[in-house]
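K.L.:
can't give you the sequence, but here's the structure:
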C-alpha cells in the first residue's frame, strides 16, 4: 500500500480493498517509526486525522465522496494555516500558535475527502535556498503519498529535484493564497508534490480555482486535467544556453540534455536560446523578496500573538528582544535588507529598479513564448544541497534557474530525470506561459510515460531543513 501513488490508493479505497482509517493508520505508523531520522514532520495530527478518516469512510460508503483523491492522506507545509493544528512556519516566534481558520486550499482538500495527517518541516518562513524541505522528503521516505508545499523562488521545484519527486508551481493567481503565511506576497504560490505527474495534476485540479477571500486569485475555474492530452508532436521547446554552461554540475547537465533528447524523440522540436537579463535575476529577486518579507513579518512583534521574550521589561524591549530571540539568522538578514531598500533614499535606488527589472524579465518571457511553447531547464545547478553555506550570495545563487519564474508569475513543473553516480536524484523543470498548466501536464505525461521516473524508496540523505 505504501508504494501506491495517491490516485492508485484512492482507487483501492473506492474498490474496498482497504479502508480510509487503515490507510491513515499505516502512514502514521511509518511517520512514528522513521521521522526522527527524516525530520520531515513538525506536527502529526494523529487523533484528528483518524477521526476525519472515519468520517470520510462513511461518506465513501454512502457514495458521497466522489473526488479522485477521496480518502488519501495528505501533509501540508507548515506555513499553510490549519484550524486548531499548530502552524509555526518552522519559527520560534510562532511556537504554539494554533490558527482559528483553515487556508482555502485546506478547505478544498477536506471537501475532496482528503485527510490532513500533519504539518511539514521547512526553512523558517520559507526563506532558504538549496535545501530539501519536508514536503518532498516525506514522500520519498514513504511517510505520505502526496503533499502540499509553497514556492517563493523555487522551494517546490528544488525540493523535488533533490528528492526525485514531481511537483507543480502553478501560475500566480491560479491557487488561492488565503491562509498561506506570507513570505513574499507577490512571489508565493501554493502547489502540489507527488510521486508522478498524475498525482500532482489531480491535486492541482482540487486546489485551483477562484476565491473571493484572495483578490490576487484571478483564475475563473479550476484546472481540468481529466481529458487525455494531444501529445507534444510539433511543440517547440526552448533550452536556455546559460542554464547549461555556467556553474552547473556535469551530471546535472548530462541528465537534463538527455531529457531534452527524450522530448525530441517524442516529436518535439528543441532549440537553444540566449536568456536575457540573466545577471539581473538574483539581485532583483533578492531585493523584492527582502522588501516584502520585511513588510509581512512586521506583524510578529511579541504583542499580538506568538513568542514574547520573558526578558523584556519595557515596550521597546518587547519588540527588540521578542524579534531578536524569535527570528533566525536568515529571517533577520532579509528583514534588515528589506527595511533598507524600502527606506527613504534607497527606495528609488534599489526597490524601484528591482521592480523595473522584474518587468523586463516578464517581457522577455512574453517574447520567448511567441517563439516557444515550453522552456526546459535544470531546477538546481548541483546534485546535492549544501546545508553549510557560509556566504549568503552563494546560497541565493542556487535560485538562478527557478527565481525568474516567480518574478514573472509563470507556471513550472519539476520532474525527476535520473540519478548521479552516487545515487542522488537529478531533476529538471518545464516552464510555460501563464495558465498553460494543461500544456505542461501533457508534456510531463509524455515524458514520464516514456521513462522510468519512479522515486527510490530510500531515506533521503539530505533530510529536511530544521
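P.N.:
Received it, and whenever you're ready, just let me know what you need. Computed from a predicted structure; not experimentally measured.

K.L.:
check contacts around residue 265.
P.N.:
Contacts of residue 265 were listed using CB atoms under 8 Å, 6 or more residues apart in numbering, and they are residue 450. From N, CA and C alone the C-beta is placed, and that goes for glycine too.

K.L.:
now swap in the one 5 residues further on and tell me
P.N.:
For residue 270, the residues meeting the contact criterion (CB under 8 Å, 6+ apart) are 237, 239, 260-261, 263-264, 376.

K.L.:
that one should be in a strand, yeah?
P.N.:
Yes - counting by DSSP: H, G, I helix; E, B strand; the rest coil, one finds residue 270 located in a strand.

K.L.:
look up how far residue 451 lies from it.
P.N.:
From residue 270 across to residue 451, the span is 16 Å (CB to CB, to the nearest Å).

K.L.:
was I right about residue 163 contacting residue 142?
P.N.:
No - at 11.9 Å, residue 163 does not count as touching residue 142 under the criterion of CB atoms under 8 Å.

K.L.:
those two: which has the busier surroundings?
P.N.:
residue 163 (29 against 19; other CB atoms under 10 Å).

K.L.:
apart from its neighbours in sequence, what residue is nearest that one?
P.N.:
residue 136 (3.9 Å; CB to CB, 6 or more residues apart in numbering).

K.L.:
just say helix, strand or coil for the one you found.
P.N.:
helix.

K.L.:
can you name the residues that contact it?
P.N.:
Here residue 136 is in contact with 147, 149, 159-160, 162-163, 165, 167, 193, 460 (CB under 8 Å, 6+ apart).

K.L.:
how does it look with 6 Å?
P.N.:
Each residue near residue 136 by CB atoms under 6 Å, 6 or more residues apart in numbering is listed here: 159-160, 163, 165, 193.

K.L.:
likewise residue 360?
P.N.:
Residue 360 neighbours (CB under 6 Å, 6+ apart): residue 277.

K.L.:
let's see it at 10 Å
P.N.:
276-277, 280, 284, 407 (CB atoms under 10 Å, 6 or more residues apart in numbering).

K.L.:
out of these, which are inside strands?
P.N.:
Under the assignment DSSP state E, the contacts of residue 360 contribute nothing to strands.

K.L.:
show me how to select, in PyMOL, the buried members of those residues.
P.N.:
Restricted to buried positions by 16 or more other CB atoms under 10 Å, the PyMOL selection for the contacts of residue 360 reads:
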select buried, resi 276+280+284+407
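
K.L.:
give me the neighbour count for residue 172.
P.N.:
Using other CB under 10 Å: residue 172 sits among 23 other residues.

K.L.:
what of residue 3?
P.N.:
11.

K.L.:
so it sits against residue 139, correct?
P.N.:
No - using CB atoms under 10 Å, residue 3 is not in contact with residue 139, being 11.9 Å away.

K.L.:
quick one on the thing from earlier: tabulate the contacts of residue 360 in CSV, adding columns for pLDDT and distance to residue 414.
P.N.:
Shown next, in CSV, are these (pLDDT from 0 to 100; distance: CB to CB, whole Å):
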residue, pLDDT, distance to residue 414
276, 88, 23
277, 92, 23
280, 95, 24
284, 97, 22
407, 98, 17
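
K.L.:
return the closest of the contacts of residue 360 with respect to residue 199.
P.N.:
Within these, the smallest distance to residue 199 is 27.8 Å, found for residue 407 (CB to CB).

K.L.:
next, work out how far apart the closest one and residue 286 are.
P.N.:
11 Å.

K.L.:
in this structure, which helix or strand is least confident?
P.N.:
In the chain, no helix or strand scores lower on mean pLDDT, DSSP states H and E than helix 392-396, which sits at a mean of 67.

K.L.:
list the contacts for residue 117?
P.N.:
Here residue 117 is in contact with 23-25, 27-28, 31, 41, 43-46, 48-50, 52-53, 73-76, 138, 143-144 (CB under 10 Å, 6+ apart).

K.L.:
how does it look with 6 Å?
P.N.:
So residue 117 contacts 49, 73, 75 (CB under 6 Å, 6+ apart).

K.L.:
so what's the residue count around the first one?
P.N.:
The local packing count at residue 49 equals 23, with neighbours defined by other CB under 10 Å.

K.L.:
so which helix or strand takes in it?
P.N.:
helix 46-61 (DSSP states H and E).

K.L.:
repeat that for the last one.
P.N.:
For residue 75, the enclosing helix or strand under DSSP H and E is strand 73-77.

K.L.:
tell me which two of the contacts of residue 136 sit farthest apart.
P.N.:
Among the contacts of residue 136, 163 and 193 lie farthest apart (CB to CB), at 8.7 Å.

K.L.:
tell me the pLDDT at residue 129?
P.N.:
In this model, residue 129 is scored at 71, pLDDT.

K.L.:
I'd say it and residue 398 touch.
P.N.:
Yes - with contact defined as CB atoms under 6 Å, residue 129 and residue 398 form a contacting pair (4.0 Å).

K.L.:
is residue 257 in a helix, a strand, or coil?
P.N.:
helix.

K.L.:
what's the burial count for it?
P.N.:
17.

K.L.:
likewise residue 234?
P.N.:
Residue 234 - counted by other CB under 10 Å - has 10 other residues nearby.

K.L.:
just give the nearest non-adjacent residue to it, would you?
P.N.:
Residue 234 sits nearest to residue 267 (CB to CB, 6+ apart), 6.5 Å away.

K.L.:
surely the one you found meets residue 236?
P.N.:
No - the pair residue 267 / residue 236 is not scored as a contact, 11.1 Å apart, by CB under 6 Å.

K.L.:
more neighbours, those two?
P.N.:
Neighbours were counted for residue 267 and for residue 236 using other CB under 10 Å; residue 236 has more, 15 against 12.

K.L.:
the strands in the stretch 201-350 of the chain, which residues?
P.N.:
Along the stretch 201-350 of the chain, the stretches classed as strands by DSSP state E, counting those that start in this stretch are 236-240, 269-273.

K.L.:
following the helix or strand where residue 12 lies, which helix or strand shows up next?
P.N.:
Element membership for residue 12 (DSSP H and E) is helix 6-14. Reading on from helix 6-14 to the C-terminus, the next helix or strand found by DSSP H and E is helix 20-38.
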